[in-house]
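Engineer: sequence first, then the predicted structure, then my questions.
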Amino acid sequence: MTSNVDPPDSSLPGDPSGLPFDPPGSVRVTEELSFRYSDDRRPIVNQYLRSHRVGKGQHGEVWVCWDLNHNRREVAIKAVKRNNPRAEKLNLLRRRNLPTSSHTPLTDKLGSLEQKIRKEIAIMKKCRHGHIVRLLEVIDDKLNERIYMVMEYLSGGEIKWRNEQNQPVLAVDQCRRICRDIILGLEYLHYQGIIHRDIKPANLLWTEDRQMVKITDFGVSHFSYAQRLAAAGRGQVALDDPNDPILLDDSDLSKRAGTPPFLAPEVIAEYTSTEPSPSVSASATSSTLLSTRSGTHINSSGTIRGSTVPHRQPITKAIDVWALGVTLYCLLFGHIPFRAADSSEYVLYNIICNNDWDPDETMGCDGVPTGGRWPNADSPGFPVMHLLDQFLQKNVSKRITIDDAKVSKHISSSSSIEFPFDNPPALSMVPL
Ligand SMILES: Nc1ncnc2c1ncn2[C@@H]1O[C@H](COP(=O)(O)OP(=O)(O)OP(=O)(O)O)[C@@H](O)[C@H]1O
């Protein structure tokens with residue numbers, strides 16, 4: 001089979017030579033920053049002339065700039081303040097609204113902002129893949145209050161997945177291709193020992209031609225050297241930064257989180273009123289779920305099938321698979337699968353851990369019938385609903401792996417999967 005998507009091109013848009021922007025794997029680190037204005041009063045940071053702002057995150061702004069040393073090619077520059085009292089205050093306020101616990105306090109205990117940025121940079125430096133936004137240069141002048149991350153510019157922007165009426169705007173096949181791109185990106189990240197931890201539509205950017213998406217925002221990602229070794233095989237991996245404690249602190253896996261509606265049950269179980277419940281019946285939908293005194297949900301016939309979710313499930317790369325499931329649901333239906341009526345995180349976490357999800361009657365802007373939560377195996381909705389079911393397994397040990405998702409019926413239909421790796425992964429990829 002042949003792919004209907006061209007293999008990712010390592011050159012950047014606007015590069016007349018068609019050659020990669022940098023030699024493979026290298027990210028320039030520039031320790032001096034000069035600042036001046038152009039004749040038309042635009043700021044110029046080193047060789048980058050500011051064009052317009054494309055994004056504003058919690059910790060900084062993202063600007064499109066022209067690289068004056070490279071034929072004015074466009075790059076995206078994220079400028080982050082080393083210390084941002086406003087962001088830290090917001091974080092503190094948010095923390096106060098959550099149930100307190102000494103363990104897994106989600107987005108709190110992030111450490112200093114500078115540490116967070118350094119970790120994001122260290123992780124991005126490891127990545128060079130067609131479905132991962134590429135970091136090109138870091139401008140880190142100790143005398144400047146900001147660190148600048150120069151990245152390839154994805155001019156297609158964030159994926160728009162719903163309209164104002166919360167209806168889907170993407171066709172089912174577009175959703176499938178986006179899902180496939182994320183699977184390939186995640187496969188690479190996991191092989192590198194990286195868990196992204198914030199997979200969601202807002203962190204997926206289109207290329208200019210909207211043929212491909214790339215994963216961005218590694219602000220809460222986690223790297224495990226041990227898992228990298230396990231994935232690649234001992235002896236095959238040289239640690240790029242042998243003395244970089246920022247990458248070697250495994251304890252932060254239990255400290256950080258992503259975006260509440262996308263969090264996997266194992267990340268938030270501790271914030272719920274009950275221990276994680278047994279998996280709901282294969283025939284249950286959220287409308288048929290009843291709540292027992294203990295908070296466990298069963299279907300209207302009273303049966304609970306499937307295995308029991310272990311009390312404390314490990315936090316592994318499977319959290320990215322769950323978030324991918326939530327993301328695919330969003331793309332298909334134009335709304336999120338788990339919602340709390342009063343927008344309380346605490347209620348939301350209980351719903352994520354205890355309730356099943358429910359599909360709409362049709363999916364995608366092309367209105368393909370889903371066949372309901374449990375469609376017949378020969379119906380058009382079956383491969384998609386089945387994949388969603390496998391992504392959104394509350395029990396980690398039952399959740400589909402990225403390897404299996406890649407060859408699932410829905411993902412592998414219509415086109416084969418290409419492998420845009422610079423270094424193809426070893427055949428045996430040990431799970432994180
Ligand atoms: N390489 C890029 N190309 C095009 N747009 C980008 C790029 N990087 C970021 N953006 C835009 O800027 C926005 C903010 O970027 P990013 O998510 O990295 O910032 P952040 O401060 O980490 O945000 P958050 O608060 O979500 O953590 C993105 O949602 C996207 O719209």
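Structural biologist: Cool, the structure landed. In this text, all values refer to a predicted model and were calculated from it rather than measured experimentally.

Engineer: in the stretch 251-400 of the chain, what residue is nearest the ligand?
Structural biologist: At 8.0 Å from the ligand, Thr259 is the closest residue in the stretch 251-400 of the chain, using CB to the nearest ligand atom. In short, each C-beta sits where N, CA and C put it, glycine included.

Engineer: would you confirm that that residue contacts Asp198?
Structural biologist: Yes: at 6.1 Å, Thr259 counts as touching Asp198 under the criterion of CB atoms under 8 Å.

Engineer: related to what we said a few turns ago, what's around the closest residue to the residue of the stretch 251-400 of the chain closest to the ligand other than its chain neighbours, how many residues?
Structural biologist: Spatial nearest neighbour of Thr259, excluding adjacent residues (CB to CB, 6 or more residues apart in numbering): Lys200 at 5.3 Å. Per other CB atoms under 10 Å, the neighbour tally for Lys200 reads 19.

Engineer: which ones are touching Lys200?
Structural biologist: When the contact criterion is CB atoms under 8 Å, 6 or more residues apart in numbering, the partners of Lys200 are 258-259, 262, 323, 326-327, 330.

Engineer: residue contacts, the residue nearest to Val133 when sequence neighbours are not counted?
Structural biologist: Nearest residue to Val133 in three dimensions, chain neighbours excluded: Thr216, at 4.1 Å (CB to CB, 6+ apart). Thr216 makes contact with 132-133, 151, 154, 203-205, according to CB under 8 Å, 6+ apart.

Engineer: format these as JSON lines; extra columns: neighbour count, secondary structure and pLDDT.
Structural biologist: Output for the contacts of Thr216, formatted as JSON lines (neighbours: other CB atoms under 10 Å; DSSP: H, G, I helix; E, B strand; the rest coil; pLDDT from 0 to 100):
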{"residue": "Ile132", "neighbour count": "25", "secondary structure": "strand", "pLDDT": "97"}
{"residue": "Val133", "neighbour count": "22", "secondary structure": "coil", "pLDDT": "97"}
{"residue": "Met151", "neighbour count": "20", "secondary structure": "strand", "pLDDT": "97"}
{"residue": "Leu154", "neighbour count": "21", "secondary structure": "coil", "pLDDT": "98"}
{"residue": "Asn203", "neighbour count": "24", "secondary structure": "helix", "pLDDT": "96"}
{"residue": "Leu204", "neighbour count": "24", "secondary structure": "strand", "pLDDT": "98"}
{"residue": "Leu205", "neighbour count": "24", "secondary structure": "strand", "pLDDT": "98"}
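
Engineer: kindly list the longest helix within this protein.
Structural biologist: helix 172-191 (DSSP state H).

Engineer: what's that helix packed up against?
Structural biologist: For helix 172-191, the elements it packs on are strand 204-206, strand 213-215, helix 225-232, helix 318-333, helix 402-406, helix 409-412, judged by 3 or more CB pairs under 8 Å, 6 or more residues apart in numbering; DSSP states H and E.

Engineer: picking up where we left off before, most neighbours of all the contacts of Lys200, which one?
Structural biologist: Compared across these, Phe262 has the highest neighbour count, 28 neighbours, by other CB under 10 Å.

Engineer: hey, what's Met149 bridged with?
Structural biologist: With DSSP bridges as the criterion, the beta-bridge partners of Met149 are Lys78, Val138.

Engineer: surely it touches Ile77?
Structural biologist: Yes: Met149 sits in contact with Ile77 when judged by CB under 8 Å, with a separation of 6.8 Å.

Engineer: ok, back up a step: next helix or strand past the longest helix of the chain?
Structural biologist: Going down the chain from helix 172-191, the next helix or strand is strand 194-195, by DSSP states H and E.

Engineer: which helices and strands does that following strand pack with?
Structural biologist: The contact analysis (3+ CB pairs under 8 Å, 6+ apart) places strand 194-195 against strand 222-223.

Engineer: how about a cut-off of 10 Å?
Structural biologist: Secondary structure elements in contact with strand 194-195, counted by 3 or more CB pairs under 10 Å, 6 or more residues apart in numbering; DSSP states H and E, are helix 113-125, helix 172-191, strand 222-223, helix 225-232, helix 318-333.

Engineer: Lys398 reaches Gln390, doesn't it?
Structural biologist: Yes: counting by CB atoms under 10 Å, Lys398 sits close enough to Gln390 to count as a contact (8.1 Å).

Engineer: ok, these two, which is more surrounded?
Structural biologist: More neighbours sit around Gln390 than around the other of Lys398 and Gln390, counting by other CB under 10 Å; the figures are 18 against 14.
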